[in-house]
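Q: below are the sequence and a predicted model for it; my questions follow.
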Amino acid sequence: MIEFRDVTKVYGNGTVGLDHVNLTIGDGEFVAVIGLSGAGKSTLLRSVNRLIDVTTGEIIVDDVSITKADRRQLRQMRTRIGMISQAFNLVKRNTVQRNVLSGKLGSYSTLKSVFGLFSQADYDLCSEMLAKVGLENKLHSRCDELSGGQQQRVSIARTLFQEADIILADEPVASLDPVTSQAIMGDLKRINTEMHKTVLINIHSVPLAKQYASRIIGMRAGKIVFDGGAEDLTEEQLQMIYQGEAK
């Protein structure tokens with residue numbers, strides 16, 4: 001479970017990223033966050049794994065405060081929170097296998113991380129996770145030889161290999177064509193339902209959010225202005241999220 005308790009984030013230039021946010025996301029939910037650019041979507045997402053430190057308030061992940069975690073605790077908590085971004089964040093000259101295996105470096109000793117000392121179980125799990133996203137035949141391909149959609153699938157496989165319970169996806173389909181976007185969203189939905197992973201995704205496409213998410217959060221100026229099921233998101237509420245007023 002992820003819980004925001006009266007969380008505010010004010011950047012150094014005075015911009016308010018989050019404005020007294022109170023929010024609870026249950027285990028196994030698929031939640032899409034929508035809103036204008038600058039509404040606070042990425043700030044909300046990145047504060048969950050403390051890539052962004054909040055100004056006030058507290059964020060609890062599975063009954064532990066990530067806000068107050070020390071360096072050791074934070075590293076441990078991050079091993080259970082996967083991150084997918086629109087930029088893929090892959091080492092393009094490395095193989096698919098090597099990129100996926102890097103998903104566990106945060107949980108290994110320094111010596112094992114430096115020398116890439118992976119077990120046979122690691123290699124087997126890597127192949128299994130690639131099969132889940134349809135890339136079992138790309139194990140030894142370099143990532144710069146892959147399409148954008150395939151690269152995003154490598155990123156998803158890396159998160160699955162990490163064995164994270166929570167998947168944060170920051171605009172994962174923003175740089176992809178519509179057909180590939182549908183496929184990637186389908187992969188995330190399948191992972192959510194079949195592997196019982198909690199998925200929190202920022203997305204600009206309202207139709208994709210409504211199609212795949214079981215719950216939608218609408219943000220405007222750092223505040224949550226809508227929180228409900230996809231079927232409850234009306235045109236009037238979209239007007240409020242994107243224009244600040246109802247029709």
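A: Arrived safely.
Q: ok, which stretches of the protein are strands?
A: 2-10, 16-25, 30-34, 56-61, 64-65, 81-85, 166-170, 198-202, 215-220, 223-228 (DSSP state E).
Q: could I get the ones you listed as TSV with mean neighbour count, mean pLDDT and distance to residue 101?
A: Where you see a C-beta, it was placed from the backbone N, CA and C, and this is true even at glycine. TSV is the format used below for these (neighbours: other C-beta atoms under 10 Å; pLDDT from 0 to 100; distance: least, C-beta to C-beta, whole Å):
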stretch	mean neighbour count	mean pLDDT	distance to residue 101
strand 2-10	18	97	27
strand 16-25	18	96	29
strand 30-34	25	97	27
strand 56-61	18	96	25
strand 64-65	14	94	27
strand 81-85	22	89	14
strand 166-170	23	94	18
strand 198-202	24	96	23
strand 215-220	22	96	33
strand 223-228	16	95	38
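Q: adding distance to residue 187, write these out as a markdown table.
A: Formatted as a markdown table, those follow (distance: least, C-beta to C-beta, whole Å):
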| stretch | distance to residue 187 |
| --- | --- |
| strand 2-10 | 22 |
| strand 16-25 | 20 |
| strand 30-34 | 12 |
| strand 56-61 | 24 |
| strand 64-65 | 29 |
| strand 81-85 | 10 |
| strand 166-170 | 11 |
| strand 198-202 | 11 |
| strand 215-220 | 19 |
| strand 223-228 | 25 |
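Q: out of those strands, flag the one nearest residue 135.
A: Ranking those by proximity to residue 135 (C-beta to C-beta) places strand 81-85 first, at 14.7 Å.
Q: packing partners for that closest one?
A: Using 3 or more C-beta pairs under 8 Å, 6 or more residues apart in numbering; DSSP states H and E as the contact criterion, the elements in contact with strand 81-85 are helix 148-161, strand 166-170.
Q: tell me which of those sits nearest to residue 44.
A: Comparing the helices and strands packed on strand 81-85 by C-beta to C-beta, strand 166-170 comes nearest, at 9.8 Å.
Q: that older thread, figure out which of the strands of the chain is closest to residue 130.
A: strand 81-85 (15.1 Å).
Q: mind saving the C-alpha coords of that closest one as PDB?
A: C-alpha atoms of strand 81-85 as PDB (Å, rounded to 0.1, in the frame of the first residue of the first chain):
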ATOM      1  CA  ILE A  81       9.700  -0.200  -6.400                       C
ATOM      2  CA  GLY A  82      10.400  -0.500 -10.100                       C
ATOM      3  CA  MET A  83      10.600   2.500 -12.400                       C
ATOM      4  CA  ILE A  84       9.700   2.700 -16.100                       C
ATOM      5  CA  SER A  85      10.200   6.000 -18.000                       C
END
